[in-house]
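S.K.: fold the stuff below for me.
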Amino acid sequence: MSGHVFGDFIEDEFCEMHRVTRNGGDIVLFPGNSDSDNQIHEFLIRRGFRWGKFQEPGVGYVRWYHLEVHKKSF
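M.R.: Alright, predicted model coming up:
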């Protein structure tokens, strides 16, 4: 779970979260981005995250993201 710390190095951050999450585990992000289809949103949607939004006091609507990790076994 991550809050307001995702998005500086999107690809690297995602790869590390995916690497350390166990098969069947969950990645939950609250990146603090606005309720808009920005670069972070597009990146996460392409990787299979589902999303929703909630109202953060003093800020307005922001988005959350969730991905259940399924890793291939070799």
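
S.K.: in a strand, that's where I40 is, yeah?
M.R.: No: in this structure, I40 is helix, not part of a strand, as judged by DSSP: H, G, I helix; E, B strand; the rest coil.

S.K.: that one reaches F6, doesn't it?
M.R.: Yes: look at I40 against F6 with CB atoms under 8 Å: they come within range, at 7.0 Å. The C-beta positions use only the backbone N, C-alpha and C, and glycine is treated the same way.

S.K.: shared neighbours of those two, which are they?
M.R.: P31 (CB atoms under 8 Å, 6 or more residues apart in numbering).

S.K.: please enumerate the strands of the protein.
M.R.: 2-3, 26-30, 50-56, 60-68 (DSSP state E).

S.K.: can you add mean neighbour count, mean pLDDT and distance to E11 and give these back as TSV?
M.R.: Shown next, in TSV, are those (neighbours: other CB atoms under 10 Å; pLDDT from 0 to 100; distance: least, CB to CB, whole Å):
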stretch	mean neighbour count	mean pLDDT	distance to E11
strand 2-3	13	82	15
strand 26-30	17	95	14
strand 50-56	11	94	19
strand 60-68	16	94	15
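
S.K.: out of these, which is closest to F14?
M.R.: Nearest to F14 among the strands of the chain is strand 26-30 (8.4 Å), distances taken as CB to CB.

S.K.: so what strands line up beside that closest one?
M.R.: strand 2-3 (parallel), strand 60-68 (antiparallel) (DSSP bridges).
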